[in-house]
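1. Sequence and computational prediction follow.
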Amino acid sequence: MRLRLCTWNVNSVRLRAEQVARFVDEQAPDVLCLQEIKCQEGEFPRQAFIDMGLPHIKIAGQKGWHGVAIASRLPFEEVAPLDVCREGHARCVSAKVAGVEIQNFYIPAGGDIPDRTINTKFDHKLDFYEKLTAEMGRRDPKAPLAIVGDLNVAPGEFDVWSHKQMSRIVSHTPVELEAFAKLMAAGQFTDLVREAIPDPQKLFSWWSYRAADFRASNRGLRLDHVLISPGLREAAFRPGAAAARVHDDVREWERPSDHAPVSADFGL
């Protein structure tokens, strides 16, 4: 069977339920992982997702901020969420679908100053990465696992509009790139989107609202990821090559999120 896994920082699920429905209709994800749902569990538009054909839903919500959810065509098996957020925010939700463990994250953005000694938000971001990296180092790499979501790091030179300028800006600073690299090494992860669309092609999943025409300025960042364990590589490459992409056309829709969805297909 084909399993299509999508991740999208939707920037308020209640505001963008219609856009989500359109995306689901056009792309037919089997599993949709959302970040920044910005609602509590009881406020989530559950019926809208049932109507989309995604009746199996797990939500980690909180009032007004953050929040993550997984909606699926297929039933879930329970998986314990990872306790890696020291602030207790709703930033992780977990499930197993068709034998694949999915950990959906909204990692802290980190504020404006890339110095953990004076910026508690940046320290929180690095602490989150450190705890997650330690957890991945204890995992069996042969187990099928996908780490997805808005990980708030653009890890490569071609994942930012200007490597030189962005190296001083939170999301692409050397300490963040090191944290991301350590996570990748701990889990022996494959960056599936970059396997499908290799460097040196520029590739972004986020564009600021401040640009009147995001296509014209194209000052984007690739912050949204699908990372897979060695145990999932065979399924990811079963069609012969990685099938993953950024749906940047969604960023052109009316009242869009500032993030575009990312999808990956697996042959299970």
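-> Happy to help now that I have it.

2. And the pLDDT at the residue nearest the centre of the chain?
-> Nearest to the mean C-alpha position of the chain, by CA atoms, centre = their mean, lies G149 at 1.3 Å. With respect to pLDDT, G149 scores 98.

3. which SS class is it?
-> strand (DSSP: H, G, I helix; E, B strand; the rest coil).

4. Pretty sure it sits against C33.
-> Yes. Shown here, G149 and C33 form a contact pair, counting by CB atoms under 8 Å, at 6.1 Å. Any C-beta I mention is one placed from the backbone N, CA and C, and that applies to glycine too.

5. anything in contact with each of these two?
-> Shared contacts of G149 and C33 (CB atoms under 8 Å, 6 or more residues apart in numbering): T7, V68, N104.

6. So which of those residues wins on neighbours?
-> Greatest neighbour count in those, by other CB atoms under 10 Å, goes to T7: 31 neighbours.

7. which residues does that one contact?
-> 32-35, 104, 148-150, 224-226, 261-263.

8. for these, which one is nearest P45?
-> Distance to P45 across the contacts of T7 (CB to CB) is lowest for L34, with 11.1 Å.

9. Quick one: residues contacting the closest one.
-> Counted by CB under 8 Å, 6+ apart, L34 has contacts T7, W8, N9, V10, V13, V20, V68, A69, I70, A71, N104.

10. circling back: restricted to strands, list the contacts of T7.
-> Those of the contacts of T7 mapping onto strands are 32-35, 104, 148-150, 224-226, 262-263, per DSSP state E.

11. Quick check: PyMOL command selecting the buried ones in those residues.
-> Applying 16 or more other CB atoms under 10 Å to the ones in strands among the contacts of T7 leaves a buried subset, and the PyMOL line that selects it is:
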select buried, resi 32+33+34+35+104+148+149+150+224+225+226+262+263
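
12. Looking at the ones in strands among the contacts of T7, which is nearest K131?
-> Out of these, the member with the shortest distance to K131 (by CB to CB) is G149, at 15.4 Å.
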